[in-house]
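Q: Structure, please.
(chains A, B, C and D, ligands or ions: 4)
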2 protein chains.
Amino acid sequence: MRSPEDLTVAFRSAGLKVTPQRQLLFRLLHDNTTHPTADALHHVASELMPGISLRTVYQTLTDLAEMGELQSIEVGSGSMRFDPNVSDHHHAVCDQCGAVHDVYVTHAPELHGLDSFSVSDAHIVYRGLCGLCSATGSHR
Amino acid sequence: MRSPEDLTVAFRSAGLKVTPQRQLLFRLLHDNTTHPTADALHHVASELMPGISLRTVYQTLTDLAEMGELQSIEVGSGSMRFDPNVSDHHHAVCDQCGAVHDVYVTHAPELHGLDSFSVSDAHIVYRGLCGLCSATGSHR
DNA sequence: TGCTAATTAGCAATCGATGCAGATAAGGTT
DNA sequence: AACCTTATCTGCATCGATTGCTAATTAGCA
Ligand SMILES: [Mn+2]
Ligand SMILES: [Mn+2]
Ligand SMILES: [Zn+2]
Ligand SMILES: [Zn+2]
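A: Ligands and ions are numbered 1, 2, ... in the order given. Predicted coordinates for the structure are as follows:
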């Protein structure tokens, strides 16, 4: 995802308006590696801008996704997660604390036994214990 | 997942009862490769046993999953899918018709750049077009 | 045949997400 | 700077998938 400044320009030239709510979300998402849910994002946004609506968070996330500035991923946590990192990568989910980490796979795994299927995308979800949780053994 | 006959024995020895509803679901799930949702399963079950409750389908699916007879997978279709194939495998989802196919990957892809994460499981979801849809170009 | 605990069906409730509409404000125009 | 058009915001209703709850039923054993 681009910088808040770049996004401001991009939104305006796309006919979209740049509101204080959106500027806040731009800042909160930029370089954010936590893969937040809409609700998590709304929580932290609410502390900086009391009254901001969860609906607005969803709306802005949808806009950003449609512009290709972020991707929405599904890692089995029940709710969608949003990722400003739009590079081709995968994810590791901690079964203990729920943290989602970026994973880069050297070689894309090939299909075996499905000749007629033309693959356009592949996403790997690893499950296990993150460094913190496997070390201490007691997180959340 | 084991045969309906084996499941009957397994359920009884686990203190669970074997009802006509469950026997029907055992049969509908055995060797089922369609990765149905609870709702899809309920639809076909309803034709053979009018009045069977969706709640009962969910309950039986939960019981089977807890017994390790099937796994529930999440492929981004919005609802959970149930798979009587409990072997270690992955899935290919058709973006056109939504069909879910089994995929067997020869070598498990290695992690890169995440030393401290101990992986216990990995699941790959491929997206693209299935044989039928890429051939005809018009399904659903 | 009886007893008792498990199951069923129906309905309420929950949760994440989206639809809707009136009030508001962004931002280009005069 | 005042104005106008249109997108946006918020609150609330709605929706789909799933789970909670409970009275009535039934499986399965004694
Ligand atoms: Mn990521
Ligand atoms: Mn499968
Ligand atoms: Zn962890
Ligand atoms: Zn298809």
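
Q: Which stretches in chain A count as strands?
A: For chain A, the strands defined by DSSP state E cover A:71-73, A:81-83, A:90-94, A:100-103, A:118-129.

Q: Can you name the residues in contact with the first one?
A: The list of residues contacting strand A:71-73 from outside it, by Cβ atoms under 8 Å, 6 or more residues apart in numbering or on different chains, reads A:35, A:61, A:65, A:80-83, A:85-86, A:91, A:123. C-beta coordinates here come from the backbone N, C-alpha and C atoms, glycine included.

Q: Recalculate using a threshold of 7 Å.
A: Applying Cβ atoms under 7 Å, 6 or more residues apart in numbering or on different chains, the external contacts of strand A:71-73 come out as A:35, A:65, A:80-83, A:86, A:91.

Q: In that strand, which of the residues would be classed as buried?
A: Applying a neighbour-count criterion of 16 or more other Cβ atoms under 10 Å in any protein chain shown, one finds A:71, A:73 buried in strand A:71-73.

Q: In its sheet, which strands sit next to that strand, and in what direction?
A: Applying DSSP bridges to the sheet, strand A:71-73 is found paired with strand A:81-83 (antiparallel).

Q: How is chain A partitioned into domains?
A: A:4-82, A:87-136 (automatic domain parsing).

Q: re the thing from before, which of the contacts of strand A:71-73 sit farthest apart?
A: A:65 and A:91 (16.6 Å; Cβ to Cβ).

Q: more neighbours, those two?
A: residue A:91 (19 against 16; other Cβ atoms under 10 Å in any protein chain shown).

Q: Look up how far residue B:80 lies from the more buried one.
A: Distance from residue A:91 to residue B:80, counting by Cβ to Cβ, to the nearest Å: 19 Å.

Q: Was I right to think residue A:133 contacts residue A:95?
A: No: counting by Cβ atoms under 7 Å, residue A:133 stays clear of residue A:95, with 8.2 Å between them.

Q: Which one's more surrounded, the two?
A: Neighbour comparison, residue A:133 and residue A:95: the larger count goes to residue A:133, with 21 against 12 (by other Cβ under 10 Å).

Q: which residues sit in contact with the closest residue to residue A:64 other than its chain neighbours?
A: Excluding the flanking residues, the one nearest residue A:64 by Cβ to Cβ, 6 or more residues apart in numbering or on different chains is residue A:70, at 4.8 Å. Residues near residue A:70 by Cβ under 7 Å, 6+ apart: A:1, A:29, A:64, A:82-84, A:86.

Q: now residue A:70: how far from residue A:29?
A: Counting by Cβ to Cβ - residue A:70 and residue A:29 are separated by 7 Å.

Q: overlap in contacts of those two?
A: Joint contacts of residue A:70 and residue A:29 (Cβ under 7 Å, 6+ apart) are A:1, A:84.

Q: does any part of stretch A:31-50 sit near DNA strand C?
A: Yes: Stretch A:31-50 is in contact with DNA strand C by Cβ under 7 Å from any atom of the strand, via A:37-39.

Q: Sketch out the helices for chain A, chain order is fine.
A: Using DSSP state H, the helices found in chain A span residues A:4-13, A:20-29, A:38-48, A:54-66, A:131-136.

Q: mind putting the strands of chain A in a markdown table, mean pLDDT and distance to ligand 2 included?
A: A markdown table is the format used below for the strands of chain A (pLDDT from 0 to 100; distance: least, Cβ to the ion, whole Å):
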| stretch | mean pLDDT | distance to ligand 2 |
| --- | --- | --- |
| strand A:71-73 | 97 | 21 |
| strand A:81-83 | 98 | 24 |
| strand A:90-94 | 96 | 20 |
| strand A:100-103 | 95 | 22 |
| strand A:118-129 | 94 | 15 |
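
Q: Which among the ones you listed is found nearest to residue A:21?
A: strand A:81-83 (15.7 Å).

Q: Which residue is the nearest non-sequential neighbour of residue A:101?
A: Nearest non-adjacent residue to residue A:101, counting by Cβ to Cβ, 6+ apart: residue A:92, 4.6 Å away.

Q: show me what contacts residue A:103?
A: A:89-92, A:126, B:111, B:114.
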